[in-house]
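In: Requesting a structural model of the entry that follows:
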Amino acid sequence: MELRNSEDRFGWVAKGFHWLTAAAIAAMFAIAWWMDALPIGLAKLQAYGWHKSIGLSILAVTALRLLWRLANPQPRFLGGPDWQRRASTVAHWLLYVCLIAMPMLGWLMSSAANTPVNLFGLVVLPDLVAPDRSLADLLATAHATLAYVLLVLVALHAAAALKHHLVDRDATLRRMLPAILVLAVFMAPVGAGAASPEGLASWRTDPDRSRIAFTFTQLGSPIEGEFRDYDIDIRFDPEGPSGRVRVVIDTASIDTGDDDRDAEARGSDFFAVDAFPQAVFEAREIRRGGGADALEAVGVLTLKGRTREIALPFAIRIDGETAHAAGSLVVNRQDFAIGTGEWATNQAVGDDVTISISVTATRVD
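Out: Prediction:
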């Protein structure tokens with residue numbers, strides 16, 4: 001794993017800060033609820049000491065995390081309309097505000113209550129204000145109120161991550177998971193147990209050995225391209241054959257080898273990625289084709305807000321628990337309003353586009 005962030009994924013430093021903060025928040029709240037129920041005594045005093053120490057540790061980690069974030073641009077936002085991207089940005093910065101303000105309020109409250117902050121028994125931090133009972137009560141109320149705000153923000157953050165994984169089916173959650181959990185998320189089928197309700201096996205795609213590509217003509221010359229970012233959910237029984245496939249493509253990840261052409265392709269005349277960030281192919285039926293290894297995935301393709309029924313013919317080869325499928329079909333770009341305005345005619349860009357898939361996947365149940 002890379003140390004720094006890339007356009008598509010978080011580096012291990014950012015992941016470390018994220019999960020260290022998450023663990024510390026969980027510990028801080030657990031201790032807070034526990035110590036509130038304790039009677040006055042040594043155990044309660046020690047619990048307060050741990051609570052304060054963890055809170056101030058969160059403050060230090062948050063400061064380092066912000067510095068790292070300034071030096072490492074965030075990976076691009078996946079999926080959803082622009083308002084979701086803005087809401088995500090606001091929520092993240094509110095989390096940062098809470099993670100800084102809460103321990104600072106706790107430190108100020110302890111100072112006003114004439115209760116020194118001893119950081120893990122190693123060092124006594126200086127008081128920030130003089131003892132003041134009224135101020136201590138006011139700060140205690142603010143500290144408790146902000147705790148509930150933080151709980152709400154954390155819950156929204158977790159819900160959004162699950163929505164990306166279970167509904168949008170993009171890589172938002174997986175790219176932040178520690179390596180030990182990535183396998184678990186890949187193996188977990190979307191919205192169910194290890195197998196689908198129909199008893200179909202789940203298959204995990206190998207991104208290094210898979211590709212979604214296309215070919216079109218520009219001024220009569222063939223141009224090849226591909227989509228770099230996509231998510232494939234496969235449920236397949238080769239004995240039937242039967243299965244379901246859902247492919248979600250990040251249209252902004254288009255790559256034709258030319259920056260100007262790619263920028264035009266992302267614009268409103270072609271894929272309009274701001275308004276339609278995803279293309280989705282859902283196959284609800286897999287049936288036999290014309291040859292021994294020939295199959296068809298029958299379903300619908302939704303692109304730029306338009307849905308069309310398609311049948312994708314493909315050949316499959318299975319070696320033990322690993323399967324490799326390859327196929328292609330031709331679609332008319334006009335059916336999906338790809339190329340409007342001056343690009344609507346086929347003088348510069350041909351109407352027919354060949355979509356090719358090559359997928360290697362491993363059975364995971």
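
In: which strand of this structure spans the most residues?
Out: Assignment by DSSP state E gives strand 306-319 as the longest strand of the chain.

In: Please enumerate residues in contact with it?
Out: 238, 281, 283, 289, 291, 293-301, 323-329, 331, 335-337, 355, 357 (Cβ atoms under 8 Å, 6 or more residues apart in numbering). Where you see a C-beta, it was placed from the backbone N, CA and C, and this is true even at glycine.

In: If we use 6 Å, what do you get?
Out: 238, 289, 293-298, 300-301, 323-327, 329, 335-336 (Cβ atoms under 6 Å, 6 or more residues apart in numbering).

In: now swap in stretch 347-355 and tell me
Out: Residues contacting stretch 347-355 (Cβ under 6 Å, 6+ apart): 214-219, 328-334, 339, 343.

In: Narrow the contacts of strand 306-319 to those that are buried.
Out: Neighbour counting over the contacts of strand 306-319 (16 or more other Cβ atoms under 10 Å) leaves 289, 295-297, 301, 323-325, 327, 329, 335-336 as the buried ones.

In: Out of those, which sit inside strands?
Out: Reading strands off those with DSSP E, I get 295-297, 301, 323-325, 327, 329.

In: Helix or strand, whichever it is, which one in the chain has the lowest mean pLDDT?
Out: Every helix and strand of the chain was ranked by mean pLDDT, DSSP states H and E. The lowest is helix 179-187, at a mean of 45.

In: Give me the mean pLDDT for the helix or strand that that helix is followed by.
Out: The first helix or strand that comes after helix 179-187 along the chain, using DSSP states H and E, is strand 202-205. Per-region confidence: strand 202-205 scores 90 on mean pLDDT.

In: got the buried residues for the following helix or strand past strand 202-205?
Out: Following strand 202-205 in sequence order, the next helix or strand is strand 211-218 (DSSP H and E). Going by neighbour count (16+ other Cβ under 10 Å), the buried part of strand 211-218 is 211-212, 214-217.

In: just to revisit the earlier point, determine how far the longest strand of the chain lies from the middle of the whole chain.
Out: 26 Å (Cα atoms, centre = their mean, to the nearest Å).

In: With adjacent residues omitted, what lies nearest to Phe120?
Out: Counting by Cβ to Cβ, 6 or more residues apart in numbering, Phe120 lies nearest to Ser53, which is 4.7 Å off, once chain neighbours are set aside.

In: Pretty sure that neighbour sits in a helix.
Out: Yes. Per DSSP: H, G, I helix; E, B strand; the rest coil, Ser53 lies within a helix segment.

In: gap between it and Leu128?
Out: Using Cβ to Cβ, to the nearest Å, Ser53 is found at 16 Å from Leu128.

In: go on, Leu38?
Out: 26 Å.

In: one step back: out of Ser53 and Leu128, which sits in the busier spot?
Out: Ser53 (20 against 13; other Cβ atoms under 10 Å).

In: and the gap between the more buried one and Gly16?
Out: Ser53 is 20 Å from Gly16, by Cβ to Cβ.

In: Please apply the same query to Thr360.
Out: The value you get for Thr360 to Gly16, if Cβ to Cβ is used, is 31 Å.

In: Please say which of these two ends up with more neighbours.
Out: Thr360 (19 against 15).

In: Just confirm that one is within a strand.
Out: Yes. Remark: Thr360 belongs to a strand, assigned using three-state DSSP.

In: So in terms of bridging, what pairs with it?
Out: Legend: beta-bridge partners of Thr360 under DSSP bridges are His324.

In: give the contact list for it.
Out: 206, 209-210, 324.

In: If the nearest residue to Asp335 once chain neighbours are set aside is in a bridge, with which residues?
Out: Spatially, and ignoring its direct neighbours in sequence, Asp335 is nearest to Arg308 (5.4 Å; Cβ to Cβ, 6+ apart). Judged by DSSP bridges, the bridge partners of Arg308 are Leu301.

In: Please consider this matter closed, and thank you.
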